[in-house]
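> sequence and predicted structure below; questions after.
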Amino acid sequence: MVQKLELYEDELDSRAREVLREIIMQHVSTGEAISSRSLARSGRFGLSTASLRNVMADLEDLGYLQQPHTSAGRVPTDRGYRFFIDHLMRSRSLTPREREAIDDQVRHANEIDEVLQLASRVLSKMSDQVGVVFMPTLLQFAVRSMDFVLESLHSFTRDELEKISRYITTEFCGLTLDAIHRRLVRMTEEERAMNDHMLQKTISLGIEAVNDVAPVEHELYVEGTTSMLMKPDYADAVSLRKTMLALQERQKLIELLNSCLSEDGLQILIGSETDFTQVHNFSVVARRYGSHAPLGMVGIIGPMRMEYARMAPLVDYLSRALSRKIEEEQEQQQ
């Protein structure tokens, strides 16, 4: 379940926003708690350390910062990161070399599973985080039309296949394959189906077609879990073990990515905003791919202390590259 924090830009004045932004930038870069002295040394504020301490104390009272027990400095909370992402972050553009690297990997893959695996791999390599690509079971995709070219257990004339195709398209357009399958099964018990031979054949062929094209398993490609070994956020053995085990809990990750399919655009989920990210202080940067309809999700998993301004354009560009590749493949098959 996703419960995104709702924060408004006018909750903080301009000085507090700049201090919060600098703290997050320094913390992401160093991994250290940030003190007022460190802020003063940046030369960005022209304020005394005492004045900066007052601003930091106000940010802490408002829930944007917290103070680790072993440090005089402060670090961002998930509330602080959310404000930064929504109102302060300045995403950078990918370099031509980065775009070329993504395009090259996607372009030279042939089969769809190879495309998705390479996509997760290149994303992990370029981000130094965990790269994930998710394709849900086809049962969740909505049907616009259905044409029958399969080998059936029963014989049908071309005219019968066309009539069945028109009937199913008219009656079930917009429904998912799963919903179509369930409705067809229910129809087998209805009286009109028992007395209508053509309807019986329609139902039988429809059920057969859905079973033939829709495997029940989700496809999930995860690359780069060993990158977590190098993160200071998981330096102690207990945290690292919990993190590695979490990344092996495929079902929880699938549920999270599946819930994101209904949202367009780039999504950044942090800390307490989802069950999956809360337990281990993860963040997920993700976007769905697919030109005409959402086909799946591509994303990055890493610690909350993540360089979001660099992760966001990586995920965004790879999503678009996957969409272009799939669209090209579909055009070639027509």
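Thanks, I have it. Numbering: from 1, shown residues only.
> surely Gln278 meets Val284?
No. With contact defined as C-beta atoms under 8 Å, Gln278 and Val284 do not form a contacting pair (11.5 Å). C-beta coordinates here come from the backbone N, C-alpha and C atoms, glycine included.
> what about those two, which has more around it?
Val284 (28 against 15; other C-beta atoms under 10 Å).
> ok, and the closest non-adjacent residue to the more buried one?
Closest residue to Val284 apart from its sequence neighbours, by C-beta to C-beta, 6 or more residues apart in numbering: Leu269 at 4.6 Å.
> got it, and Lys325?
Lys325's closest residue in space is Val106 (C-beta to C-beta, 6+ apart), at 4.9 Å.
> all helices for the chain, in order.
14-30, 36-41, 49-61, 78-83, 96-107, 112-127, 158-172, 177-187, 191-195, 197-213, 237-247, 250-260, 275-280, 308-333 (DSSP state H).
> domains for the protein, by residue range?
According to automatic domain parsing, the chain comprises the domains 9-88, 96-136+218-333, 140-213.
> neighbours around the residue nearest to Leu199 when sequence neighbours are not counted, how many?
Spatial nearest neighbour of Leu199, excluding adjacent residues (C-beta to C-beta, 6+ apart): Ala193 at 5.1 Å. When counting by other C-beta under 10 Å, one arrives at 17 neighbours for Ala193.
> list the residues that contact Ala193.
187, 199-200, 203 (C-beta atoms under 8 Å, 6 or more residues apart in numbering).
> and Ala33, by the same measure?
27, 67-68, 71-75.
> can you flag the buried ones in those?
Neighbour-count burial within the contacts of Ala33 applies to 27, 73-75; the criterion is 16 or more other C-beta atoms under 10 Å.
> which one among the residues you listed sits at the bottom for pLDDT?
Among those, Gly73 carries the lowest pLDDT, at 90.
> name the nearest residue to it, sequence neighbours excluded.
Using C-beta to C-beta, 6+ apart, the nearest residue to Gly73 is Ala33, at 3.2 Å.
> could you export stretch 303-316 as PDB, CA atoms only?
The C-alpha trace of stretch 303-316 is given here as PDB (Å, rounded to 0.1, in the frame of the first residue of the first chain):
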ATOM      1  CA  PRO A 303      18.800   3.600   0.500                       C
ATOM      2  CA  MET A 304      16.800   6.800   1.300                       C
ATOM      3  CA  ARG A 305      20.200   8.500   1.100                       C
ATOM      4  CA  MET A 306      20.100   8.400  -2.700                       C
ATOM      5  CA  GLU A 307      21.100  10.900  -5.300                       C
ATOM      6  CA  TYR A 308      17.500  11.400  -6.600                       C
ATOM      7  CA  ALA A 309      18.500  14.100  -9.100                       C
ATOM      8  CA  ARG A 310      20.600  11.600 -10.900                       C
ATOM      9  CA  MET A 311      18.400   8.500 -10.500                       C
ATOM     10  CA  ALA A 312      15.200  10.200 -11.800                       C
ATOM     11  CA  PRO A 313      16.400  11.000 -15.300                       C
ATOM     12  CA  LEU A 314      18.000   7.500 -15.600                       C
ATOM     13  CA  VAL A 315      14.700   5.700 -14.800                       C
ATOM     14  CA  ASP A 316      12.700   8.200 -17.000                       C
END
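> flag every buried residue along it.
Buried residues in stretch 303-316 (16+ other C-beta under 10 Å): 303-306, 308-316.
> quick one: pLDDT of the closest residue to Ala109 other than its chain neighbours?
Excluding the flanking residues, the one nearest Ala109 by C-beta to C-beta, 6+ apart is Val115, at 4.1 Å. The per-residue pLDDT reported for Val115 equals 83.
> on that earlier part again, isn't the residue nearest to Lys325 up against Ser323?
No. Checked against C-beta under 8 Å, the pair Val106 and Ser323 is beyond contact range at 10.0 Å.
> hmm, back to that, for the domains of the chain, which one sits closest to Gln3?
Ranking these by their distance to Gln3 (criterion: C-beta to C-beta) puts domain 96-136+218-333 first, at 5.8 Å.
> work out the gap between the closest one and the centre of the chain.
Offset of domain 96-136+218-333 from its chain centre (C-alpha atoms, centre = their mean, to the nearest Å): 6 Å.
> for Pro294, give its distance to Ile112.
15 Å (C-beta to C-beta, to the nearest Å).
> picking up where we left off before, tell me the spacing between the residue nearest to Val284 and Leu116.
In this view, Leu269 and Leu116 are 21 Å apart by C-beta to C-beta.
> do Ser48 as well
Taking C-beta to C-beta, one finds Ser48 at 54 Å from Leu116.
> between the buried residues of stretch 303-316, which is nearest Ser42?
Ala309 (17.4 Å).
> quick one: contacts for the closest one?
89-92.
> any chance of a markdown table for the residues you listed, columns neighbour count, distance to Pro232 and pLDDT?
Formatted as a markdown table, the contacts of Ala309 follow (neighbours: other C-beta atoms under 10 Å; distance: C-beta to C-beta, whole Å; pLDDT from 0 to 100):
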| residue | neighbour count | distance to Pro232 | pLDDT |
| --- | --- | --- | --- |
| Met89 | 17 | 22 | 93 |
| Arg90 | 6 | 25 | 88 |
| Ser91 | 14 | 24 | 84 |
| Arg92 | 11 | 23 | 87 |
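> appreciated, that's everything.
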